[in-house]
Structures are given as structure tokens and as C-alpha cells.
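Engineer: below are the sequence and a predicted model for it; my questions follow.
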Amino acid sequence: RFLTESASADVRKVADWVAESGDNRSLPFAIVDKVDAKVFVFNAHGVLLGASPVLLGLARGDVAPAGIGDRKLSSIRPEERVTPAGRFVASIGSNLKAKEVLWVDYASAVSLHRVVTGNPRENRLRRLATESALDNRISYGCINVPVLFFDSVVKPSFSGTDGIVYVLPEVRRLDTVFSMTPVPG
């Protein structure tokens, strides 16, 4: 399934479960590995279309604070900047600045989008280019990917259809976030 792409055991386990169980309901899907700061995008049949490093929420954790999607960014404390774990029905849409995004968890205002480079001090492009996942924690919870990856893999995969995004946990156990049981036909 992954050919020459390196992936953690948890990513492989979830990808195999999705393909075998049909949990993606014949929709394209993505798996976000927060520990390794990487995303894998698959077509509806479980064929890997591409993988990329990602930038994630500054804070470790698997649950977004209640009501965070309704708050101003300036009111969100560093420890609240979490990329939530779970299974999300995702779709292409626009954010408040009319930028195209893949909405992952609309209620928490978490999306997967082109890397934001407005603040040069954050060095987001450099962070994406490093081998280490340790410096990929910078966002308010959104998942940032390189522009070319969004435009050539994410956008074509999720345009005109919903999809599923599986965000793997980093604190909780995998089996407490995903049931990993067969999905009835």
C-alpha cells in the first residue's frame, strides 16, 4: 500500500483497517500522523496518492477545547492550540479569508490547508523541510501542507466529494479513538 513511502506502524494499521473494513465508505481519505508530522492521502480504493510533511497545532493533545471554533485567534492560549484526533468527514470549502481549505473539523475551526507564511519569524517553510517532526508544532490546530501538495494531491482528491480524514492520536491510545472493527456493508 505504501510502496517506498515510510509510514509508522499506526498509520499502516489504520490504512489497512480502512481498506479492509470500508470505513471510508468509498470516499477518498487521508491519515494524519501527528507523532511523525506527516499526512498520507488515498483514493477511494485505498491507493496512496501522496504523502507530505505537515505542520500541526502547537500543543500536544487529542481533544480540542470546547467552543474553540467560535473564539478569536487572539484569545486562544498556546496550550489550547491542539490538532484534535479522530475520524472526520471532510470537504473542500473556504475559510473566513476566502482561502480554499479542506475542512476537517468545522466546529473546532480545524482545516488542512496550504502552508501559511505571513509571519516570517515562524519559519513555516523551513519547518516543513526539516527531517525532524519536533519543529512542526506551530499552528492554532490546523494542518498546514506545502502549496504544491495541496494543489496537486489534496484538492483534486477531495474536490466534488466529501472524504474522510483520520487524525491519529498522540496522547490517547489508537483503539480508544478508532473502533478498528469491521464496518457492516
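Structural biologist: Yep, that arrived.

Engineer: report all helices and strands that the longest helix along the chain contacts.
Structural biologist: With secondary structure taken from DSSP state H, the chain has its longest helix at helix 9-21. Helix 9-21 sits against strand 29-33, strand 38-42, strand 163-167, helix 174-177, with contacts defined as 3 or more C-beta pairs under 8 Å, 6 or more residues apart in numbering; DSSP states H and E. Glycine gets a C-beta too; all of them are placed from N, C-alpha and C.

Engineer: please name the nearest non-neighbouring residue to the residue nearest to the spatial centre of the chain.
Structural biologist: By C-alpha atoms, centre = their mean, the chain has its centre lying nearest to Val32, at 4.3 Å. The spatial neighbour of Val32 that comes closest, neighbours along the chain excluded (C-beta to C-beta, 6 or more residues apart in numbering), is Val167 at 4.5 Å.

Engineer: can you check Ile68 too?
Structural biologist: Ser108 (5.5 Å).

Engineer: roughly how far does Arg77 sit from Asp62?
Structural biologist: Applying C-beta to C-beta, to the nearest Å, the value for Arg77 to Asp62 is 17 Å.

Engineer: show me where this protein has helices.
Structural biologist: Using DSSP H, the helices of the chain run over 9-21, 124-129, 147-149, 155-158, 174-177.
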